[in-house]
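K.L.:
Fold the following.
(2 chains)
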Amino acid sequence: MSETLPCIEAFKKEVNQWVTKNKPAPPTFLMPQSFMEVGTDEQFEYLREWQEKVYNAGYLGMSWPTEYGGGGMPEIYQDVVNKELVAQNTPFMVNTLGLNWAGPLILNMGSDEQKKAYIKKILSTEEIWCQGFSEPDYGSDLGNAQLKAERDGSEFVLNGSKIWTTLATQAQRMILLARTNTNTESKYDGLTFFLAPMNVDGIEAQPIKKLTGEHGFCQTFFNDARISEDCIIGKEGGGWLVAMKTLMFERGAEGGQAGGHTSMPVTVEEVAELSKRVYRDGKPANQDPMVRDELVKLLMRGKAMSLNGARSKIPALISERPTSIAMSVKMLATELSKSIGDQATSLQGSNSLYFVGDDYAVDGGRWQRTYFQAFSGTIGGGTTQIQKNIIGERVLGLPKK
Amino acid sequence: MSENTNMIKKAGITFSEEQGQLLEIAESFSRDKAPIATVRNLIESETGFDKDVWTEMVNLGWLGIAIPEEFGGSGLSVAEVVTIVEPMGRMLLATPLVSTTLAAQLLLDAGTTAQKQDLLPRMAGGAIAALAMHEEHGDWDISHVTCTGVISGDTVTLSGIKRLVTDAKVADTILATISIAGIPSLVAIDSGSIDSAALQRETVIDETRRSYRINLDGISVPATNIFDAEKTAAALKRYHLLFCLLLSAEACGGTAGAMDITLNYLNTRRTFDRFIGSYQSLKHTMVDILTDLEAARSFLYYAAGVIDTDEGEAAVRMAKAQSSDNFAYAGDRAIQFHGGFGFTYECDAQLFRRRAFWTANQSGDAIYHRKRLATLLLD
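P.N.:
From the prediction side, this is the model:
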């Protein structure tokens, strides 16, 4: 990047032209809506090529330090790019986990060697990252992670398994929470956080077929897999702290992400639009009084989400419970996605009986898939029910026991 | 919106420095003046509100907020009044502030010059105005008017019965909708021209309120009391939205108030050796109420900022629809979660549930507004 920063207006124009010229042609397959839905090599490669192209143009990691492969510019330039990528409906950045969680984490807590080793490759897609947090027996209860990492000299020997490891079959690296000590007073103190390689003997990722019938998640098995102690980020036994930091990045509660948008969410406005081209009693469904009421309720939920975002930036209007809106975003947004899928599917009348793969499915079966896929949001990262416990206790001050 | 400096504008929500200051002052004012014991005492009183508190509100300039300076007000807007009504609603502080504010807006929108010069300075100075819009049919549509006015020379002779006129007995002026030659019109009635026998107190669901039936038969007022006929329809339409906005503010406050008493109970009441707030069926419901309230407050302050723009109608109707349902639910759960105590008159939960009916069922409930939103958003 040049010494002098370009003026924002000129930069906007430049980005607009670049995206217009370079955005990929629409794919022949139904696009995944986020990295968690990438199920085929074809989808993966299409998305990976796009991220690589955006990075090579200088439009990704723009505010990350130049010595590690970033652009070293103020965040506003990345914001301009992000907005343009969304406005032109371009594909999302497939290395979401690296760009948004692992990358900021490494920049925040990693050693200089780790930054040099990993950051640039996250941006360029040379290394795709996945996450080894949840375990089959413990769900999202991270404090109870049991995957064993036993020290053997300067190495750790890994045994156990991690579940919901999105993109594990494509990934070269994993952020991994493992138990290095089983004899600590507090279960949290026995955890260590690793930046682990995937191409190691004894690590095997097996794709899991999701409820949509597609592949996307994996279960990753560790059988005497050996990794170097250099993989530790933070301190040995200090993994809980690092994991909590990661969740801050994951939930967007802390900034520093590389940029580029990471999902192509469905919107309530699209459901309203859909209602005009599906039928009830010989007329467009948006003329049916009962359908109208349900659609208005849905539109209001969408509008409330965006207005909440606006209000949360006005301190005087959130002073009583400052974290209330921020802590409920994930729950509300994921539940809204599910309702969107549900309502948009039912709107189609008998055509709602089709599914992804049939030529006659409305919009390629997008809405049907949206509904089922939405459970990844209402379950993953702490279920809606867990979120309600957390909000009830931390925001409303209700007792745990 | 007035020309305030230091406006914070964040993608749709406009919030002025004045709003911020008023919100803070009104919060502590409402807490000071309306502890629940005071609210209970006022229920037993004749007028339903404390004249001294009213005088303090007048002295703070609150009755003149949305009245231009030339008429003795401070020249701000109803958006600033929202920040007062919300905290008042939370403490169930009932005063004629809303009706007087709305009457002033009707005058500004459709009053004659003489009417404005006569009435607005008085209202800014605390003269109470009441609104006579409701009739026997119970229709929320304020253009559905059956009371009539017949003009003869310099006077207009009224007939018919107006219902649910809040604070009519203490009002200085009553603004009424009447039909003149079949056209909905507005007339200002000086309270002196209403015989005490024509005013009959009503028993209403919200006991913190005072409501009256007014028999207009035989009342004559000067024809100059009729509002500008050409501006009346538009003024009534705007009045409807302004009233909805202030009712939404009251409902948001009321929801927070219902939450306050319920959360307090959930944190102190024990059953089977546990605080009842630890039970997820109660905890999760309170979180639903919280997130609904956050949505309603976002709609409210969005609507307050855009009410006089193209987005205004949809914004206000969303605020009203959301806040009406929320408050009803928060009040309903407040009673239920107080268990057996909730079934008693002594428990304050019923006060909030009654107020929720009062705010939701004026100027249209949630379904009423969603129906109109469908036209605005889907066609």
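K.L.:
quick one, strands of the stretch 251-379 of chain B?
P.N.:
For the stretch 251-379 of chain B, applying DSSP state E, counting those that start in this stretch gives strands covering B:270-271, B:274-275.
K.L.:
Now look at the first one and say if it contacts chain A.
P.N.:
No. Strand B:270-271 does not reach chain A (C-beta under 8 Å from any C-beta of the partner chain); its nearest approach is 9.8 Å. Quick note: C-beta positions are derived from backbone N, CA and C, even for glycine.
K.L.:
What strands flank that strand, and is each parallel or antiparallel?
P.N.:
Partners of strand B:270-271 in the sheet, by DSSP bridges, are strand B:274-275 (antiparallel).
K.L.:
So what's the model's average confidence on the partner strand?
P.N.:
For strand B:274-275, mean pLDDT is 95.
K.L.:
Name the surrounding residues that touch that strand.
P.N.:
Residues from elsewhere that reach strand B:274-275, judged by C-beta atoms under 8 Å, 6 or more residues apart in numbering or on different chains: A:398-399, A:401, B:266-269.
K.L.:
about what we covered before: now, of the strands of the stretch 251-379 of chain B, which is deepest in the fold?
P.N.:
strand B:274-275 (a mean of 15; mean count of other C-beta atoms under 10 Å in any protein chain shown).
K.L.:
what about the residue located most distally from the centre of chain A, distance to A:M290?
P.N.:
Residue farthest from the centre of chain A, counting by C-alpha atoms, centre = their mean, is A:G282 at 41.1 Å. Noted for A:G282: a distance of 16 Å to A:M290, by C-beta to C-beta, to the nearest Å.
K.L.:
which ones are touching residue 317?
P.N.:
Just so you know, I chose chain A. Taking C-beta under 8 Å, 6+ apart as the test, what A:L317 contacts is A:311, B:13, B:15, B:297, B:301.
K.L.:
hm, I was asking about chain B
P.N.:
Neighbour list for B:R317: B:244, B:369-370, B:372-373, B:376 [criterion: C-beta under 8 Å, 6+ apart].
K.L.:
And it, how close does it get to B:L102?
P.N.:
17 Å.
K.L.:
Around chain B, pick out the residues from the stretch 201-350 of chain A.
P.N.:
Residues of the stretch 201-350 of chain A lying near chain B (C-beta under 8 Å from any C-beta): A:272, A:275, A:286, A:289, A:292-293, A:295-297, A:299-301, A:303-304, A:306-311, A:313-314, A:316-317, A:321, A:324-325, A:328, A:331-332.
K.L.:
that older thread, tabulate the strands of the stretch 251-379 of chain B (a markdown table), appending distance to A:Y59.
P.N.:
Listed next are the strands of the stretch 251-379 of chain B as a markdown table, based on distance: least, C-beta to C-beta, whole Å:
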| stretch | distance to A:Y59 |
| --- | --- |
| strand B:270-271 | 58 |
| strand B:274-275 | 53 |
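K.L.:
what comes up buried for the strand ranked longest in chain A?
P.N.:
Looking across chain A with DSSP state E, the single longest strand is strand A:215-228. Neighbour-count burial for strand A:215-228 flags A:216-222, A:225, A:227 (criterion: 16 or more other C-beta atoms under 10 Å in any protein chain shown).
K.L.:
That one: what's the following helix or strand?
P.N.:
helix A:239-250 (DSSP states H and E).
K.L.:
contact partners of that following helix?
P.N.:
A:100-102, A:104-105, A:108-109, A:133, A:142-143, A:175, A:177-178, A:180, A:188-189, A:191-193, A:233-234, A:253-254, A:256-257, A:381.
K.L.:
same thing but at 6 Å, please
P.N.:
With C-beta atoms under 6 Å, 6 or more residues apart in numbering or on different chains as the test, helix A:239-250 has contacts from A:101, A:104-105, A:142, A:177, A:188, A:191-193, A:233-234, A:254.
K.L.:
ok, now which ones touch B:A356?
P.N.:
B:327-328, B:331.
K.L.:
got TSV for the buried residues of strand A:215-228, with pLDDT too?
P.N.:
Below are those laid out as TSV (pLDDT from 0 to 100):
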residue	pLDDT
A:G216	77
A:F217	84
A:C218	92
A:Q219	95
A:T220	97
A:F221	97
A:F222	97
A:A225	97
A:I227	97
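K.L.:
show me where the chain has helices.
P.N.:
Let's take chain A. A:8-22, A:41-56, A:75-87, A:96-97, A:103-109, A:112-124, A:239-250, A:268-274, A:289-311, A:324-347, A:366-379, A:384-394 (DSSP state H).
K.L.:
wait, chain B
P.N.:
Using DSSP H, helices in chain B cover B:17-33, B:36-43, B:51-59, B:78-90, B:97-110, B:113-124, B:229-268, B:280-306, B:312-337, B:339-342, B:349-360, B:366-378.
K.L.:
what residues go with each domain of the chain?
P.N.:
Just going to use chain A. Following automatic domain parsing, chain A resolves into domains at A:8-127, A:130-250, A:268-394.
K.L.:
Chain B was what I was after
P.N.:
B:8-127, B:130-228, B:232-378.
K.L.:
Determine which stretch of those domains is the most buried.
P.N.:
Among the domains of chain B, highest average neighbours (mean count of other C-beta under 10 Å) belong to domain B:232-378, with a mean of 22.
K.L.:
now the end-to-end length of that one.
P.N.:
29 Å (C-alpha to C-alpha, to the nearest Å).
K.L.:
quick one: it to chain centroid distance?
P.N.:
On the basis of C-alpha atoms, centre = their mean, to the nearest Å, domain B:232-378 is displaced by 13 Å from the centre of the chain it belongs to.
K.L.:
Can you name the residues that contact whichever residue of the stretch 101-250 of chain B sits closest to chain A?
P.N.:
The minimum distance from the stretch 101-250 of chain B to chain A, using C-beta to the nearest C-beta, falls at B:A249 (12.6 Å). For B:A249, the contact set (C-beta under 6 Å, 6+ apart) comprises B:82, B:85-86, B:300.
K.L.:
just A:L47 next, same as before
P.N.:
Per C-beta under 6 Å, 6+ apart, neighbours of A:L47: A:91, A:94.
K.L.:
Relative to A:E45, how far out is B:E207?
P.N.:
Distance from B:E207 to A:E45, by C-beta to C-beta: 70 Å.
K.L.:
Check whether B:I67 really touches B:L120, as I assumed.
P.N.:
Yes. Counting by C-beta atoms under 6 Å, B:I67 touches B:L120, with 5.5 Å between them.
K.L.:
hey, what's in contact with both of these two?
P.N.:
Contact with both B:I67 and B:L120 is made by residues B:A104, according to C-beta under 6 Å, 6+ apart.
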